[in-house]
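K.L.:
missing the sequence, but the structure's below:
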């Protein structure tokens, strides 16, 4: 409960101007990427996550039984994916 309270109080909405920013070339079109889908996400529909992931053509996609805050609820799994990506890029 305490961690949830801290997360709720500290999260902020993006700046409204963010939604009007023009993106010329997304980084994922030129750089390798990895993707994690949260199967129990109620903020971003998992089907939308799958669509976004397939469009990005990631080197690896994992699906976790997690909600939107997967970094907090599944830290070992998310960290392992990040570590794998960093290791592949370093090698």
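P.N.:
In hand now; what should we look at? Note that the coordinates shown come from a computational prediction; the quantities given were computed from them, not determined experimentally.
K.L.:
tell me the contacts of residue 58?
P.N.:
28, 32, 33, 34, 35 (CB atoms under 8 Å, 6 or more residues apart in numbering). Backbone N, C-alpha and C define where each C-beta goes, glycine included.
K.L.:
and the first one, what does it touch?
P.N.:
For residue 28, the contacting residues are 56, 58, taking CB under 8 Å, 6+ apart as the criterion.
K.L.:
part of a helix, is it?
P.N.:
Yes. The assignment for residue 28 is a helix, going by DSSP: H, G, I helix; E, B strand; the rest coil.
K.L.:
hmm, who's touching stretch 83-91?
P.N.:
Residues outside stretch 83-91 that contact it (CB under 8 Å, 6+ apart): 32, 34, 59, 60.
K.L.:
CSV for the residues you listed, including neighbour count?
P.N.:
Converted to CSV, those look like this (neighbours: other CB atoms under 10 Å):
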residue, neighbour count
32, 14
34, 18
59, 13
60, 13
